[in-house]
Each structure stands twice: as C-alpha cells, then as structure tokens.
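Q: Got a sequence here, can you build the structure:
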Amino acid sequence: MTDSDWWLARRVDVGEPALLASGMRVLAEALMSAEADELCGASFGRRSPDRKDHRNGHRTVTWDSGLHRIKLRAPKLRKSAYEPAWLESGLKGGRLIAAASAAALVNAPDADDIRDLVDSLGAGVASGEHLAVVASALRTYAEEFHRRETGPEPAFPTLVVARSVSRDNDRVLITAGVGEEGERRVLGITAVEDQRSFFEDLKARGLTGVETISAPPGEVLNDAQQAWPEAMVRLVPDAPDPLLKSVPIGAADRPAPAPAPEPVPATPQPVAAVTKPRISVPRVRVRIPRPLVLIGIGAALSVLLVMLRLPDGMATLYAGSLLVALLAFGVAARWTMKPRSANVAATAAPGESPTPPETVPQAGPAAPAEVTASLADLGVTWAEETPVSEGWVSRLTARVPRKLLIGGVAGVWVLLLAGGAKILLTPNDYSGSGGSATVVKITAGSSLTEIGETLRRGGVVASVDAFVDAADGPKGKVLHPGSYRLRKQLPAADAMGLLLDPKNKIQSRVTVPEGLRLDETLALLARKTKIPLADFRAVAAHPEQLRLPPYAAGTLEGFLFPATYDIEPGATAHSLLDAMVIKFRQVAAGIGLPKSPRARDTVVLASLAQAEGGRDSDYPKIARVIDNRLTEHKRLELDTTVLYAQGRRTLHVTENDTKVASPYNTYRVAGLPAGPIANPGLPALRAAMKPAHGDWLWFVATDPKHRITRFTDSEDEFLSFRDELNRNLRGDD
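A: Presented below is the predicted three-dimensional model:
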C-alpha cells in the first residue's frame, strides 16, 4: 500500500462512503473465495483431489474493518473450518483493502498487484489463476463505477475537486458532488495531466446545474472554472485538500446579503428624570464534553439491556442501585461547584445613547455617564450562591473531603456498571434439568451458530452464544446431522451432551446395494421404511418431479445412487428418491461426469460393468471390452441385457432368450442398450470414465460362485472360457 493509495481511499470515503464500502466488500469476498479454494483444493461444489474436503455454501459474517462494518458472504467448508486471519486484523487489514479498492478506480489491477496485497495481508492465496480471478473482480467493480451516469438526477449544485501530490508520478483527480440536502457522491476519478478534458468528460456524462466550485488554487481551479464559467468559485483558505475540508458544503457557504446600514445615533437630550440602568445578565452555558455524552448514552443502553436479561426482582434492585449511586454522584458534584459572582455593566440598548441616572438641565448636550452595578446590588444571585438548608447532606460533606466524596460515589457507580457489563457479556442460559420433550432436526452442513439458532427457535437453549460457548472445543466438531430427542429449556452444556449421545438420535437406516434395478430398489425402500410401495412407484412414474441431471433424459434407472441413507421422521417416498438422485449428482460432480460430452452413455456403460462384473477390479476391464467392441462395430451380446429385457435374474441364458425383441437386448441391437440396466456405484462409474488399457474383445465369468472373470482377445479362448462356465454351472446344479 502506498501513501497515495491511502490518500485516495480517504477521499473516496469522504466523497461517497458506500462506494468505498462496496469495493472493500468485492475485494474481501473475492480474496476469501480464492483462499477457500486453495484451502480445500477445489472450486465451489467440487471435492478436493484427495476427497477430504470441498466447498459447502456460504455464511454471513460482519467484518469490522476499522472504516466500515461490512456484511460479507464467507465460504463454508465441508470438513474443516475456514476463518481468515487477515479478516480479524482490524484497521490494518481494513486500510490495505480500502487502499487497494480505491487504487483500482485509477489503474486496473492485475495478478501482481493482488499478489502484493496478499503478501501484505498474509492471506493464503498463491495460485496465479486465483490471483487473476481476484483482480478481475476488482476490475469489474472499477468499470461499473466509470460507466455510471452523473445526471440528470440528482442535481449536484456544488462541485468539490481534490488533487493528490503524486501517485507514481501521475496526477490523480477526484471530484465529488454535493446535493442540496448535503448528499454526497463521487462523480469521477482519473490519473491524467489534462484536467480540462476530465471536467469536459463529466459534463458529457450528464453533470449539469453546477453552481459552486471548491478546488485548490491553481490550474485545477482555473480549468474547473473554464468548464463551468457560470459557477461561483469558492476558495478554501489554507486548505490544499478541499474534499476533506469542504464536504458537505451547504447554504452557509454562499455569500450573505449585504448588511443593512447602521442607524445614526441620535443626539442625547437632557432628561429631568432618574432612569433605572439597563443591566445585561450574562447567559450561562453548560458544555458537556462529547465523550461524556457518548459514555452516558452507552451506559444507559447497557443498563437497559442488563435489565431486560435479569429476572424482575433483580432488575428492579439493579436499577434502584444505579439510580441511588447516580443521585449521590449528582449531589456530591453539585456541592463541590464553586460559587460564581459577576459585575455587569449597564449598557444602553443597541442604537441608543447611554442615559445617566440623573441629569440637570443644561444649556448644551450632556456627556453620557457610564453606570456600573453588581448583580448583588440589584438583588440577583446565581443558583450556586443559594444557601443549602442544613441537613444530612451538609453534615456529611462538612466532614468528608470533596475529592474523596466524588471519587467514592463515582467508584460505586462504576462497580455497578461493571457488574452489569459482566451480566450483559455472559450469554443468556437456562438452568435446571429442562422441560417437556421435543424433537430437533440438524441439517447437513450446518455451522455451530446455525445449529444454535435451530435449538433456540425450538426452545431448547436460551441463546445461540451460550450453545456456541458450550460447543467451543473438539466435541463441537463431531455433531452429526439428523433428528434428536431433546428437552426444552436446557442449559446449553446439557443440550450439547444430549446431541453427542447417540442414544438420543432418532435414526433408521437403509442400505441400498450397488447394481439393483429400479423396481428392486423401490421394493427394498418400501420394505425397510414401511412406506407403501405404491407411493414409490407413483413418484418413479413422474421422474420429472425429481432433481435429475439433464443428461438423464427423464430416466430414473441408473441415477438412484446406491449408499446408506438415514431415514428421518416424516420422510416420504419423494424425499427419499430425491435424496438418492442428489447423492448421484454429488458423486458424479466429484469425478467430472457432467463435463463429459457422453455423460449418459457413460452411465449406461457403468451399469453394464456393474451388472457383469464380480469384483471392483473387473469393472475397468469390462468397460474396455465394451469400448473395444463398439469401436470395431461388434454387437455387445451381453446376457445381462437380455435378462433386464425379460425382467429376470439368473445365470442360465438360452439361445431362445437372446432372441427377445427389446431395445435393451444387445444380441439384436447394435451399440449400447436404450438406457442403464442397473444403478451403478462409484467404482463402476469411475471405470466407465476411465477404462483399463487392453485389446480384449471378450470376457466370461467362468466361476460366478467365486466371482472370477477372465478376459481375452481370442475368440477360441473365449469359447474355451464359456465351456468352463457351463461346466461350473452344471456342477453347481
């Protein structure tokens, strides 16, 4: 960060605070996104190469940059916590981000600029690709600023121009407009030598109605005045930076009307009467320092918040104690004020001559006589001079030194406030063993704060902060999603303990094995969940209601991912099937399947490998055999496709079976079958994505009982393998 960048950031913040805050938000969110990508080694929605972590949405955080409090969308990670340290660096990080955001409005940043910023912040972004993405986001923010119009509404009658001393040997101009109500907006920023063309560009972008120009003396002011000759020039005395000295400029800065001429005093005439002198009593102003005002407001708010959190009796006692201490402090402070007295000169009213108290007729005009009187002489006393009635206050203050009295009372008041602050800072929590039973559901990917909010809404814990404090530690990282039996109005620590106890989790699990067909999967789910099979079939009949990927082409077969699923209370056939489809999409995205131009064919190939193979190690070879036969335009002739067409499962396939008319029968149709014939698992999908290397054209499961499959590129050897299979099948019979 250079001094000139910080110079510009300060002026942008004065001219239009929202503009600087917007740039800081864009840059901070881009940095967090890049840092999170590098932390998990993958972009949003993708797993890391080692499958240990991936991006999992966003959470809203409030960043106190020291300049603005900005709400940011911070990335969440599935497995690990992401808390950027530079976001907690306060004013240092805020100044660096602000300076970089402002500098982008002058010079388009590149990856090297972002690298310098990352090094200064200590952020974890090293990839050139990520640095370029951050720079691109910042350039987009700057381009949007330079494209926005300056007119015709709102009108900015006052124009304020500031110029930097130097920025990389370039001159930087920033111009802000001030509206009638004091609203401010940065109209333009540039690094050019020709100010006049800059001002002409502002006019071309719609800036009209300029009445007053505030600028530093010299060529900048001259060029601005030439651009708006009708405007009134306003110089700022001894202020080389009018943007900081003059914003906002209001009506008070306009020339005042010429004062009316003073009336000519009349010649005093002799008066034969005694006139009572005019007495001017000085007005007493009590100025309270601004810090004391802010402290008082803060104390009042703290007291209010503490009272809201305390039980009724404790709140009354606390408020009463504060009131007594405050009254005692006021009495002590009043008693220690020194009495004041004053002598006030009697003066004539404006425009009149002083009149003496008594005059004697004379031949000529009498010279005015000055009369002086004290307030005491006229019976006027200050409030401090009013005697205090004798009582316990007088007797007490007569024996106690003033400083000691004030210090003691103030100390008691501070202690009461400190006690209230401790109560205020302690998270609100329940006590006791809890109330009635309740069920709370924790969704996958929830943060501790989100879980705490769920528990608070359910009436389990009193506050989110209390739960986060109780969960702050290693135990807080092993919470699992699901539904839990809890009790209402529990202490946060007890609620955390119940969540960690597996006995309190309401769970029913169903495991769907790999390779099941659609109808087999529906029957299994109905049997395990007690949900009617008709419900599952009704949902399967309308697959468009599920979140299938586009390449599924409306087919549910092959896209119900086999895995173990938790059955939550209230689950439906639709929610379970949709969860299986979503699981398939997550797994497919992790291996890059959606990016493949043959994504659907890949799923079909994976289902064939899943149905034909006996072991995970066989799937890549089977995928290679299928790919080789398709390349040589040979029919696949797979028994599993015949059995799928017939709706049967058996190891015995006859020649008549191979003649069944079906788009799935690969003995009769060329190429792949019409769609998937089973729901493949992850190993089969990976094999279809990346088949093994080999020249095989045939394979035979020679020993189905022991899951032995042999591969060959020789037809004679294939026939030998098939005879071996038939012998094993006869032996089993």
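
Q: didn't S4 look like it was pressed against R163?
A: No. In this structure, S4 is not within contact of R163 by Cβ atoms under 8 Å, at 11.2 Å. For the C-beta atoms, the positions are set from N, CA and C on the backbone; glycine is no exception.

Q: Touching both of the two, which residues are there?
A: Common contacts of S4 and R163, defined by Cβ atoms under 8 Å, 6 or more residues apart in numbering, comprise V172.

Q: Test for you: state the pLDDT assigned to P532.
A: If you check P532, the pLDDT there is 95.

Q: now for the helix or strand harbouring V161, which elements pack on it?
A: Assigned by DSSP states H and E, V161 belongs to strand 158-163. Contact here means 3 or more Cβ pairs under 8 Å, 6 or more residues apart in numbering; DSSP states H and E; on that basis strand 158-163 packs against strand 173-178, strand 212-214, helix 219-227, helix 242-246.

Q: quick one: buried residues of stretch 11-26?
A: Buried residues in stretch 11-26, counted by 16 or more other Cβ atoms under 10 Å: 11-16, 19-26.

Q: ok, now stretch 61-68?
A: Going by neighbour count (16+ other Cβ under 10 Å), the buried part of stretch 61-68 is 61, 63, 65, 67-68.

Q: Which of the helices and strands packed on strand 158-163 has the lowest mean pLDDT?
A: Looking at those, the bottom one is helix 242-246 with a mean of 55.

Q: buried set for the strand holding V161?
A: For strand 158-163, by 16+ other Cβ under 10 Å, it's 158-163.

Q: Quick one: neighbours of G94, just the number.
A: By other Cβ atoms under 10 Å, the residues close to G94 number 21.

Q: so where's the stretch 201-350 of the chain uncertain?
A: Scanning the stretch 201-350 of the chain with the threshold set as pLDDT under 70 gives 217-219, 230-350.

Q: let's go with 50 and repeat that
A: By pLDDT under 50, the low-scoring segments of the stretch 201-350 of the chain are 236-239, 246-260, 264, 266-286, 312, 336-350.

Q: My read is that V653 contacts V642, right?
A: Yes. Contact criterion Cβ under 8 Å: V653 and V642 qualify, at 5.8 Å.

Q: Show me which of these two is the more surrounded one.
A: More neighbours surround V642 than the other of V653 and V642, with 22 against 16 (other Cβ under 10 Å).

Q: residue contacts, the more buried one?
A: 653, 657-658, 660, 665-667.

Q: Check A563 too.
A: Residues counted as contacts of A563 (Cβ under 8 Å, 6+ apart) are 511-512, 580, 583.

Q: What distance do you get for it to P683?
A: Using Cβ to Cβ, to the nearest Å, one gets 13 Å for the distance from A563 to P683.

Q: May I have stretch 622-638 exported as PDB, CA atoms only?
A: What follows is stretch 622-638, C-alpha atoms only, in PDB (Å, rounded to 0.1, in the frame of the first residue of the first chain):
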ATOM      1  CA  ILE A 622     -15.200 -54.800 -18.700                       C
ATOM      2  CA  ALA A 623     -15.500 -51.100 -19.700                       C
ATOM      3  CA  ARG A 624     -12.500 -51.600 -22.000                       C
ATOM      4  CA  VAL A 625     -14.100 -54.700 -23.700                       C
ATOM      5  CA  ILE A 626     -17.300 -52.800 -24.300                       C
ATOM      6  CA  ASP A 627     -15.400 -49.800 -25.700                       C
ATOM      7  CA  ASN A 628     -13.300 -52.100 -28.000                       C
ATOM      8  CA  ARG A 629     -16.300 -53.900 -29.400                       C
ATOM      9  CA  LEU A 630     -18.100 -50.600 -30.000                       C
ATOM     10  CA  THR A 631     -15.000 -49.300 -31.800                       C
ATOM     11  CA  GLU A 632     -14.900 -52.400 -34.100                       C
ATOM     12  CA  HIS A 633     -18.700 -52.200 -34.600                       C
ATOM     13  CA  LYS A 634     -19.300 -55.500 -32.900                       C
ATOM     14  CA  ARG A 635     -22.500 -56.200 -31.100                       C
ATOM     15  CA  LEU A 636     -22.000 -56.400 -27.300                       C
ATOM     16  CA  GLU A 637     -24.000 -59.700 -26.800                       C
ATOM     17  CA  LEU A 638     -24.300 -59.300 -23.100                       C
END
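
Q: Looking at per-residue confidence, what score does the closest residue to D201 other than its chain neighbours get?
A: Leaving out its chain neighbours, the residue that sits closest to D201 by Cβ to Cβ, 6 or more residues apart in numbering is G188, at 7.1 Å. pLDDT recorded at G188 is 75.

Q: for V478, same thing?
A: 66.

Q: on that earlier part again, pipe the buried residues of stretch 11-26 into a markdown table and attach secondary structure, distance to A215 and pLDDT per row.
A: Compiled in a markdown table, the buried residues of stretch 11-26 are given as follows (DSSP: H, G, I helix; E, B strand; the rest coil; distance: Cβ to Cβ, whole Å; pLDDT from 0 to 100):
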| residue | secondary structure | distance to A215 | pLDDT |
| --- | --- | --- | --- |
| R11 | helix | 13 | 80 |
| V12 | helix | 17 | 83 |
| D13 | helix | 19 | 82 |
| V14 | helix | 15 | 81 |
| G15 | helix | 14 | 77 |
| E16 | coil | 18 | 82 |
| L19 | helix | 20 | 85 |
| L20 | helix | 22 | 86 |
| A21 | helix | 26 | 88 |
| S22 | helix | 26 | 89 |
| G23 | helix | 25 | 87 |
| M24 | helix | 28 | 88 |
| R25 | helix | 31 | 88 |
| V26 | helix | 30 | 89 |
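
Q: which residues in the stretch 401-550 of the chain form helices?
A: Counting by DSSP state H, counting those that start in this stretch, the stretch 401-550 of the chain has helices at residues 402-425, 448-457, 464-471, 492-500, 518-529, 533-540.

Q: Now the weakest link among the ones you listed, please, by mean pLDDT.
A: Among the helices of the stretch 401-550 of the chain, helix 402-425 scores lowest, at a mean of 60.

Q: Could you chop the protein up by domain?
A: 3-147, 158-251, 437-506, 509-577, 595-732 (automatic domain parsing).

Q: got CSV for those domains, with distance to S431 too?
A: Formatted as CSV, the domains of the chain follow (distance: least, Cβ to Cβ, whole Å):
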stretch, distance to S431
domain 3-147, 30
domain 158-251, 52
domain 437-506, 6
domain 509-577, 30
domain 595-732, 49
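
Q: what's the least confident stretch among those domains?
A: domain 158-251 (a mean of 65).

Q: For the stretch 551-700 of the chain, which segments count as strands?
A: Secondary structure of the stretch 551-700 of the chain (DSSP state E, counting those that start in this stretch): strands at 564-566, 698-703.
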